[in-house]
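# next comes the sequence, and after it the predicted model I'd like to discuss.
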Amino acid sequence: MKEIKGGVTAAKGFQAASTAAGIKYKDKKDMALIFCEVPCRVAGTFTQNVVKAAPVLWDMHVVNDSRQAQAVVINAGIANACTGEEGMGICHATARKIKDILEVPMDEVLVASTGVIGKQIPLDRIVAGIEAMAPALSDTLESGLGAARAIMTTDTKEKEAAVTVELCGKTVTIGGMCKGSGMIHPNMCTMLSFVTTDAAISQELLAKALRCDVEDTYNMISVDGDTSTNDTCLLLASGMAGNVEITEENEDYQLFCEALHFVNEALAKKMAGDGEGATALFEVKVVGAQNKEQAKILSRSVVSSNLTKAAIYGHDANWGRILCAMGYAGAPFDPDKVDLFFESAAGSIKIVENGVALDFSEEQATQILAQEAVTAIVDLKMGDASATAWGCDLTYDYVKINADYRS
């Protein structure tokens with residue numbers, strides 16, 4: 001496996017375009033289009049929030065019933081959530097416009113939105129945006145980068161990842177882009193993520209690969225404890241790499257899953273590290289667990305703790321907050337066996353052994369916690385299982401951003 005530059009246009013057959021449609025923002029691009037030369041097999045995971053945005057309902061139909069797709073239209077600024085029949089009508093009209101211009105069947109058009117909940121999207125701007133993007137479609141890395149920037153809301157940077165892997169002597173590429181900065185506490189996936197591949201793989205195994213990997217990547221991040229109405233992750237496979245189609249869980253399937261995991265984990269970490277107002281990526285590794293589920297529950301509880309996140313922002317090794325967050329997580333463990341470490345680019349320090357604080361250097365701990373990426377390692381000493389969760393620190397700016405988000 002080899003990491004390469006690029007995002008959604010890295011794989012064969014995929015093109016992208018972006019434009020400033022003026023849906024909410026007046027000074028930036030806010031629409032993106034992903035298109036494939038051929039119909040793709042498609043898999044998706046979606047929010048488990050009972051309140052689902054119109055695009056989520058539309059895409060669930062495409063993924064579950066059509067089971068193939070050729071175009072994805074994304075807008076930023078307005079979420080098209082809690083918009084009733086009119087909101088569903090926007091999705092329908094979007095698909096119809098793609099059909100008219102790109103000759104893609106309406107039930108093979110995916111739609112995604114992100115932004116303010118409750119507002120109606122101006123259809124004329126969506127239509128104009130599609131008309132502007134269709135002739136600009138390109139398979140260049142620059143066009144993919146432009147699309148990644150166009151779907152940003154409160155994100156401070158675009159988020160892309162791509163890798164290649166050899167399957168049956170053919171080079172297969174997986175690339176993706178995502179957006180996410182706030183309202184992130186997934187229970188399926190997270191905000192918006194779009195992954196493309198030129199691998200030839202069966203529909204069933206494509207869906208299984210995504211479904212399983214989401215549990216260890218997007219479902220392991222948290223910024224603020226809020227699960228969005230619009231959470232969507234889509235995986236499209238063009239089959240244009242020319243590899244022998246993966247139809248069973250063999251070595252090629254495992255290699256494909258490893259490459260997919262690399263892309264999804266990279267994107268998930270970029271979202272966690274770019275949390276609204278964040279100054280640091282906060283990673284929590286629970287090792288020595290009885291089983292993976294125990295490790296996942298405990299790591300997610302710590303990374304979601306507001307008190308712990310605030311301590312990370314203050315570069316304060318307030319380890320009691322970590323054990324406290326573990327204690328209410330709902331996964332039993334013996335606190336008298338726990339060892340706790342902090343590490344970063346500035347070094348590593350052990351601060352707790354068998355549930356009791358060591359005589360550690362507060363100055364060294366502060367230096368370690370002052371880096372852009374900080375890891376807490378919790379050793380339960382109960383078994384061999386482990387899990388990792390990602391989040392960010394909690395800063396004053398998070399409140400500022402969300403206090404006036406609609407304005």
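Thanks, I have the structure now.

# for this structure, what spans make up the helices?
Under the criterion DSSP state H, the chain contains helices at 54-61, 84-102, 123-133, 141-150, 203-216, 251-273, 292-304, 306-313, 320-327, 362-369, 396-403.

# list the contacts of residue 374.
280-283, 312, 342-344, 368 (CB atoms under 8 Å, 6 or more residues apart in numbering). C-beta: built from backbone N, CA, C; applies to glycine.

# from residue 277, how far out is it?
Distance from residue 374 to residue 277, counting by CB to CB, to the nearest Å: 16 Å.

# what's the answer for residue 22, then?
Look at residue 22 and residue 277: by CB to CB, they are 27 Å apart.

# so for these two, which residue has more residues nearby?
Taking neighbours as other CB atoms under 10 Å, residue 22 and residue 277 compare with residue 277 leading, 22 against 16.

# per-residue pLDDT, residue 273?
On the pLDDT scale, residue 273 is placed at 85.

# in strands only, show me the contacts of residue 374.
If you go by DSSP state E, the contacts of residue 374 have 281-283, 342-344 in strands.

# list the residues that contact the closest residue in space to residue 348 that isn't next to it in sequence.
Leaving aside its sequence neighbours, residue 348 sits nearest to residue 341 (CB to CB, 6 or more residues apart in numbering; 6.0 Å). For residue 341, the contacting residues are 348-351, 376-377, 379, by CB under 8 Å, 6+ apart.

# ditto for residue 5
Neighbouring residues of residue 5 by CB under 8 Å, 6+ apart: 141, 162.

# next, give phi and psi for it.
Note on residue 5: backbone dihedrals following degrees, to the nearest 10 are phi -80, psi 150.

# roughly how far apart are it and residue 11?
Noted for residue 5: a distance of 13 Å to residue 11, by CB to CB.

# same question, residue 232
Distance check for residue 232 against residue 11: by CB to CB, it reads 19 Å.

# residue 71 too?
Per CB to CB, residue 71 is found 15 Å from residue 11.

# residues near residue 128, how many?
Residue 128: 16 surrounding residues under other CB under 10 Å.

# test my guess that it contacts residue 21.
Yes. Using CB atoms under 8 Å, residue 128 is in contact with residue 21, at 6.3 Å.

# about what we covered before: most neighbours, which of the contacts of residue 341?
residue 376 (24 neighbours).

# per-residue pLDDT, that one?
The model reports residue 376 with a pLDDT of 98.

# does it touch residue 302 like I think?
Yes. Counting by CB under 8 Å, residue 376 touches residue 302, with 6.7 Å between them.

# what do those two both touch?
Shared contacts of residue 376 and residue 302, defined by CB under 8 Å, 6+ apart, comprise 284, 322.

# low-confidence ranges, the stretch 301-407 of the chain, go.
For the stretch 301-407 of the chain, the stretches with pLDDT under 70 are 405-407.

# one more time with 90
The stretch 301-407 of the chain contains residues with pLDDT under 90 at 395-407.

# give me the number of residues near the closest residue to residue 110 other than its chain neighbours?
Spatial nearest neighbour of residue 110, excluding adjacent residues (CB to CB, 6+ apart): residue 72 at 4.4 Å. By other CB under 10 Å, 28 other residues sit near residue 72.

# got a pLDDT number for residue 72?
In this model, residue 72 carries a pLDDT of 98.

# which residues touch the closest residue to residue 312 other than its chain neighbours?
Spatially, and ignoring its direct neighbours in sequence, residue 312 is nearest to residue 393 (4.2 Å; CB to CB, 6+ apart). For residue 393, the contact set (CB under 8 Å, 6+ apart) comprises 278-280, 282, 309-310, 312-313.

# which of those residues are buried?
278-280, 282, 309, 312-313 (16 or more other CB atoms under 10 Å).

# with respect to residue 245, which of those is nearest?
residue 282 (40.7 Å; CB to CB).

# related to what we said a few turns ago, what is the residue nearest to residue 110 paired to in the beta sheet?
According to DSSP bridges, the partner residues bridging residue 72 are residue 34, residue 110.

# so where's the chain shaky on pLDDT?
The model of the chain has pLDDT under 90 over residues 24-27, 47-50, 67, 115-116, 153-156, 180-191, 219, 221-231, 271-278, 395-407.

# ok, now which residue in it is the farthest from the centroid?
Farthest-out residue of the chain from its mean C-alpha position, per CA atoms, centre = their mean: residue 359, at 39.0 Å.

# list phi and psi for that one.
phi -80, psi 70.

# name the nearest residue to residue 67, sequence neighbours excluded.
Nearest non-adjacent residue to residue 67, counting by CB to CB, 6+ apart: residue 203, 5.6 Å away.

# re earlier: need the helices of the chain in JSON lines (columns: distance to residue 38).
Output for the helices of the chain, formatted as JSON lines (distance: least, CB to CB, whole Å):
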{"stretch": "helix 54-61", "distance to residue 38": "20"}
{"stretch": "helix 84-102", "distance to residue 38": "12"}
{"stretch": "helix 123-133", "distance to residue 38": "19"}
{"stretch": "helix 141-150", "distance to residue 38": "18"}
{"stretch": "helix 203-216", "distance to residue 38": "15"}
{"stretch": "helix 251-273", "distance to residue 38": "19"}
{"stretch": "helix 292-304", "distance to residue 38": "37"}
{"stretch": "helix 306-313", "distance to residue 38": "45"}
{"stretch": "helix 320-327", "distance to residue 38": "48"}
{"stretch": "helix 362-369", "distance to residue 38": "49"}
{"stretch": "helix 396-403", "distance to residue 38": "41"}
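
# many thanks, I have nothing further to ask.
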